[in-house]
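In: Give me coordinates for this.
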Amino acid sequence: MRTTILMFLISVLLGVVIGFSGAESMFAFNYWNVENEFKRTAPIENSPEIKLKPDSNAKAYIENNVYDFGIKDVKEKGTQDFVIKNIGTGILTLRVDRTTCTCTGIDLNRNRLSAGESAIAKVRYDAERATTGQYEQGGVIVTNDPQMPEILLSIRGIFTSPIVVSSSVVLLPSVPAAEKQSAKLRIYGFEKIPLTLETLMWTDKSHFDLKFEKSELNEDDKNNSLLKHAISVYEGTLTVLPGLPVGTFQERFNIKTNYSSEPSIEIFARGKVFGNGIMLAGQGFDRATGIMSIETIRSGERVIKDISIQFTGASVQNANVKIKEVRPQWLKTTITKGSVETAVRRFFTLSIEIPPDAPQCNYVTPDEEKAAMVILETGLSELPIIKIPIRFAIEK
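Out: So this is what the prediction gives:
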């Protein structure tokens, strides 16, 4: 009985150890540390372990086992030949043992070398399976040379897209409605020909502006392992102009380039406009984002949410909130004016109802054009519009 229990405990312990080992492999980074990788003596999973009978007369020699390709487009594939020579008097036997990832392969043109003969190990690397940034992969060839039982082959360098943008989404979380606000971004070109930004297009030119100027690598760029290889640099200024409605915004900018490999790039501006003297509050309303979130509900349920709107300042006498637009149209909305007001303070309540006969839908989306939305008119010339995105879903 004691023996059975002991064997059971040992089995559980081994299972835990194996589980942790598998988890470590599952979450390994693409970046490959040569020394750490090749300390592992076991062959890769699903590959039979290769052992060759040692021969002290076989002597393997390789002049260079590391190839640095520098910088390449992330869509490229490539190969590199490594020459392995037998400088001994016996027969040198070679076998491919393992590679570090599926993006790498090794082909040997010969497996047996007499004295003085050479073989070529062709290492294939497929950038389409890699990610932008540092790359280092390779493999192992085992030999029957007892002094060099393993030959370690390594391919290293940096993969990059033809164009890299410092931030493809420019965030402006707190934009005053009556003031302009700007943010900087940088664009890097990596092809041999200089990058040219030929055309800039966006929809709302009344409230957004984007300009680029040619620039140079700054100190941060020079210290970056990827950006220091850029051939061209542009610095851009994205500006949100006064007059946007209170609430969240998004604008898409399309930039045409002279690179045939990447003829256009897109940049998005996202953020929130707030108005001095206007405050919105309510259950489910996020004041930081300006979004009203309603939990997922079942078909046939009726849900009502209220948002209070407070105006303060000298111009509140002109405040008169009205519904301008509702999406989807079956949302029911009403505006109620507060009973208590002063010369510098006025209150309104916006009620949003999801009726029981509402269809199944999903409006949980960051895309403002597809989002549910209530747009209000304020009656104030300096802040005429308030936009309130509403996130909810109706399930069966």
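
In: I'd like to know how far the residue nearest the centre of the chain sits from Ile265.
Out: Centroid check for the chain by CA atoms, centre = their mean gives Ser168 as the closest residue, at 9.8 Å. Distance of Ser168 to Ile265, computed by CB to CB, to the nearest Å: 8 Å. For every residue, glycine as well, the C-beta is placed using N, CA and C.

In: now do Phe285
Out: Distance, Phe285 to Ile265, by CB to CB: 35 Å.

In: measure the residue nearest to the centre of the chain to Arg112 for me?
Out: 53 Å.

In: just Thr104 next, same as before
Out: In terms of CB to CB, Thr104 sits 24 Å off from Arg112.

In: Those two: who's more crowded?
Out: More crowded of Thr104 and Arg112, by other CB atoms under 10 Å: Thr104, with 22 against 13.

In: Which residue is the nearest non-sequential neighbour of the more buried one?
Out: Once flanking residues are discounted, Thr104 sits nearest to Gln137: 4.4 Å by CB to CB, 6 or more residues apart in numbering.

In: How about Ile390?
Out: Leaving aside its chain neighbours, Ile390 sits nearest to Ala372 (4.2 Å; criterion: CB to CB, 6+ apart).

In: what sits against the one you found?
Out: Counting by CB atoms under 8 Å, 6 or more residues apart in numbering, Ala372 touches 327-328, 331, 363, 389-392.

In: Now the buried members of those.
Out: By neighbour count, with 16 or more other CB atoms under 10 Å, the contacts of Ala372 hold 327, 331, 363, 389-392 as buried.

In: Same list (those) but as a markdown table, adding secondary structure and distance to Pro176.
Out: Below are these laid out as a markdown table (DSSP: H, G, I helix; E, B strand; the rest coil; distance: CB to CB, whole Å):
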| residue | secondary structure | distance to Pro176 |
| --- | --- | --- |
| Arg327 | strand | 26 |
| Leu331 | coil | 29 |
| Tyr363 | coil | 28 |
| Pro389 | strand | 20 |
| Ile390 | strand | 24 |
| Arg391 | strand | 25 |
| Phe392 | coil | 29 |
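
In: Tell me, how many residues neighbour Leu241?
Out: The burial count assigned to Leu241 is 16, neighbours taken as other CB under 10 Å.

In: Next: the one 4 residues further on.
Out: By other CB under 10 Å, the residues close to Pro245 number 21.

In: mind checking how far it is from Phe285?
Out: The gap separating Pro245 from Phe285 is 16 Å, by CB to CB.

In: How about Asp97?
Out: Asp97 is 61 Å from Phe285, where distance means CB to CB.

In: what does Asp306 give?
Out: The gap separating Asp306 from Phe285 is 9 Å, by CB to CB.
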